[in-house]
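Enquirer: Take this sequence and fold it.
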Amino acid sequence: MNLRLLPWAAMALLVLVLAVRSALPTNVGAVPGGAPVPETDGGGPEIRLGPVDVRELHDDGSWNRLDADGAVYGYVSRTVSAWGVTVSLGEGEPFAETTVHAPRAAWDLDGKTIGLSEGCRVARKDGWTGELSTATLDLAGSVLRVPGPARIEGPGVSVQGMNLAWEWVKGKITLESTTSRLSPAKAPGRKG
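Expert: Next up is the predicted model:
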């Protein structure tokens, strides 16, 4: 063998070893002690992250943002599973400064959805808030869907119901089986 080819042969061997090693299944990863570790769907290589800031940028300059205390990026499944989550919706839209807080979230980057399996709390800058059970944020359709119970409150009104669909860009909220409570002192359009 020619001595000039020896470094190239060594590099080719190293690449082969790394390729075989990455193809082997492994469940070992460095995680800080005491940190909750969500599991990703689909298996495959994962990237474990500390505090994260994930942004979805749109052509019109608006964006959605997910901040989390920690996360796992599933390379094969293209999902970000996170804990200690705050999602900022529709930045640059008429309903900017709408936030969703959740203990856990799973962002499907291809499907453009964020699953909130442990429920969430929604808050808008105009005083509207919501306590929601398991929910899904459809980022492409700009709609938050809650197939179970939901409670929303605003200035002077509290509404409970089932099957919430909140289209945050259109400002449209629908609920089934609703019950409402009005606060006379704070009701919209009333003074005193």
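
Enquirer: thought V54 was touching W63?
Expert: No. Using C-beta atoms under 8 Å, V54 is not in contact with W63, being 10.3 Å away. C-beta: built from backbone N, CA, C; applies to glycine.

Enquirer: Tell me which of these two has more neighbours.
Expert: V54 (18 against 15; other C-beta atoms under 10 Å).

Enquirer: Please enumerate the helices of the protein.
Expert: 6-23 (DSSP state H).

Enquirer: low-scoring stretches of it, by residue?
Expert: Applying pLDDT under 70 to the chain flags residues 1-8, 10, 12-43, 90-96, 183-192.

Enquirer: now do 50
Expert: For the chain, applying pLDDT under 50 flags the ranges 26-37, 187, 190-192.

Enquirer: any chance you could map the strands in this structure?
Expert: Remark: strands assigned in the chain by DSSP state E are 46-49, 52-57, 63-74, 79-91, 98-108, 113-116, 120-123, 129-132, 135-138, 143-154, 157-167, 172-182.

Enquirer: can you tell me how far the closest residue to K170 other than its chain neighbours sits from S133?
Expert: Spatial nearest neighbour of K170, chain neighbours left out: S142 (7.5 Å); criterion: C-beta to C-beta, 6 or more residues apart in numbering. As judged by C-beta to C-beta, to the nearest Å, S142 and S133 stand 20 Å apart.

Enquirer: and if you look at L57?
Expert: Here L57 is placed at a distance of 30 Å from S133 (C-beta to C-beta).
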